[in-house]
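In: show me the folded form of this:
(chains A, B, C, D and E)
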Amino acid sequence: MEGDIALGLKYVGAGLATLGMIGAAIGVGNIFSSFLDAAMRNPSAAPQQTGNLFIGMALAEALGILSFLVAVLILFVV
Amino acid sequence: MEGDIALGLKYVGAGLATLGMIGAAIGVGNIFSSFLDAAMRNPSAAPQQTGNLFIGMALAEALGILSFLVAVLILFVV
Amino acid sequence: MEGDIALGLKYVGAGLATLGMIGAAIGVGNIFSSFLDAAMRNPSAAPQQTGNLFIGMALAEALGILSFLVAVLILFVV
Amino acid sequence: MEGDIALGLKYVGAGLATLGMIGAAIGVGNIFSSFLDAAMRNPSAAPQQTGNLFIGMALAEALGILSFLVAVLILFVV
Amino acid sequence: MEGDIALGLKYVGAGLATLGMIGAAIGVGNIFSSFLDAAMRNPSAAPQQTGNLFIGMALAEALGILSFLVAVLILFVV
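Out: Prediction:
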């Protein structure tokens, strides 16, 4: 058995880091899912809540981007 | 026992990276599921929400694409 | 087989640490999801609850940021 | 293969410890999610339940902070 | 490769022990979530159920504290 164990485990670490994106995508999905449901039940109230829709989406998406950042840091920086 | 341990762990890392797509598929599924449900309850309101449907889908899908990107980076770039 | 096992496991630890963000993103998603749903059912009551929306979001987001902090501590500090 | 295996596994342990935060963030999310939903259905009853909201949030958040504490103990104390 | 493998696996064990807190925090979250929801639907009945709220919370929280205790026992006692 030859090969660099640290290099190999770097790939495993980067792979594991993508798992943090599972939650972000579910979170973004739930936010848009509720918005679409509610916006068609009461279309006149939808425009007022578009701001909150995008704030919530950005906050959940940000956690997924941080996971991606950790994967990139593991692969290319450290 | 022979073989390159780093090469082997590269495959494991790429495999793990696909797990990040679990959430993206659930999220996109929830968004379309709610849209279809609501659009048939109130068909006249559906066209106004098509834009939000595609924005939400793109944001959840993007997190899955980032997981795929990490898998490809592990296999072919680093 | 050569390479530094401690260095390799550092990458795995940092990758694992991103998993703590799964819950934070789902939590933030649920909070905004309920807010949007309720705010369109009763738009006049929404402004009073915006403070609670952001307190809840900050508390859930903080747990995700702490996970990211642990990942960064593992990669760059210890 | 060289390197300190105990040091390497310390990183893995700290990474694993962040997984305890998954539940805390989902729990905090559910509590605020229900509060916002109910408070907009019956706005006059919301102020009486704000105390219970913060007690519940603190208890769920505390479990996440304990996980973070275990991660920090593993990294810096033992 | 040098280092004490038993010491290293002690860290991994303590990290794994925090996973027991995932369920406790989700459980506490669900209890408070249902209480708040119901208390605002029928505010006059809420004070009678506050005792049950805290008994349920204590029982779920206790399981999380026991997980934390196991993590601390692994790190500092055995």
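
In: quickly find the element holding the spatially most central residue of chain A.
Out: Ranked by distance to the mean C-alpha position of chain A (Cα atoms, centre = their mean), the top residue is A:G64 at 2.5 Å. Under the criterion of DSSP states H and E, A:G64 resides in helix A:46-72.

In: what is that helix packed up against?
Out: In this structure, helix A:46-72 packs against helix A:5-17, helix A:20-41, helix B:46-72, helix C:5-17, helix C:20-41, helix C:46-72, with contacts taken as 3 or more Cβ pairs under 8 Å, 6 or more residues apart in numbering or on different chains; DSSP states H and E. For glycine as for every other residue, the C-beta is placed from the backbone atoms N, C-alpha and C.

In: now chain A against chain D: closest residue?
Out: At 5.3 Å from chain D, A:I5 is the closest residue in chain A, using Cβ to the nearest Cβ.

In: these two touch, right, that residue and C:L9?
Out: No. Using Cβ atoms under 8 Å, A:I5 makes no contact with C:L9, being 9.2 Å away.

In: the two: who's more crowded?
Out: More crowded of A:I5 and C:L9, by other Cβ atoms under 10 Å in any protein chain shown: C:L9, with 29 against 24.

In: quickly note the distance from the closest residue to the more buried one other than its chain neighbours to C:A6.
Out: Spatially, and ignoring its direct neighbours in sequence, C:L9 is nearest to D:G8 (3.1 Å; Cβ to Cβ, 6 or more residues apart in numbering or on different chains). From D:G8 across to C:A6, the span is 4 Å (Cβ to Cβ, to the nearest Å).

In: common neighbours of those two, please.
Out: E:G3 (Cβ atoms under 8 Å, 6 or more residues apart in numbering or on different chains).

In: what about the two, which has more around it?
Out: D:G8 (27 against 22).

In: if I look at the more buried one, how far off is A:M1?
Out: 18 Å.

In: what of A:A38?
Out: 58 Å.

In: what about these two, which has more around it?
Out: Using other Cβ under 10 Å, the more surrounded residue of A:A38 and A:M1 is A:A38, with 23 against 11.

In: hmm, back to that, shouldn't the residue nearest to the centre of chain A be in contact with A:A24?
Out: Yes. With contact taken as Cβ under 8 Å, A:G64 and A:A24 are classed as touching, separated by 2.7 Å.

In: which stretches of chain A have low pLDDT?
Out: The model of chain A has no residue with pLDDT under 70.

In: if we use 80, what do you get?
Out: Applying pLDDT under 80 to chain A flags the ranges A:1.

In: who touches the residue of it found nearest chain E in this structure?
Out: Nearest to chain E, among the residues of chain A, is A:I5, at 8.9 Å (Cβ to the nearest Cβ). By Cβ under 8 Å, 6+ apart, A:I5 lies in contact with B:I5, B:A6, B:L9, C:M1, C:E2, C:G3, C:D4, C:I5, C:G8, D:M1.

In: from A:A71, how far out is it?
Out: 20 Å.

In: with A:R41 instead?
Out: Relative to A:A71, and taking Cβ to Cβ, A:R41 is found at 39 Å.

In: and A:M57, how many neighbours does it have?
Out: Neighbours of A:M57 (other Cβ under 10 Å): 22.

In: contacting residues around it?
Out: So A:M57 contacts A:V28, A:I31, A:F32, B:G56, B:L59, C:F32 (Cβ under 8 Å, 6+ apart).

In: make it 10 Å
Out: Going by Cβ atoms under 10 Å, 6 or more residues apart in numbering or on different chains, A:M57 touches A:G27, A:V28, A:I31, A:F32, A:F35, B:I55, B:G56, B:L59, B:A60, C:V28, C:G29, C:F32.

In: for the residues you listed, which one is nearest D:A17?
Out: D:A17 lies nearest to C:V28 out of the contacts of A:M57, by Cβ to Cβ, at 21.4 Å.

In: distance of that closest one from A:M21?
Out: Between C:V28 and A:M21 the computed distance is 14 Å (Cβ to Cβ).

In: list the residues that contact both of those two?
Out: Common neighbours of C:V28 and A:M21, counting by Cβ under 10 Å, 6+ apart, are A:E61, A:L63.

In: quick check: closest non-adjacent residue to A:F76.
Out: Nearest residue to A:F76, sequence neighbours excluded (Cβ to Cβ, 6+ apart): B:V78, at 7.3 Å.
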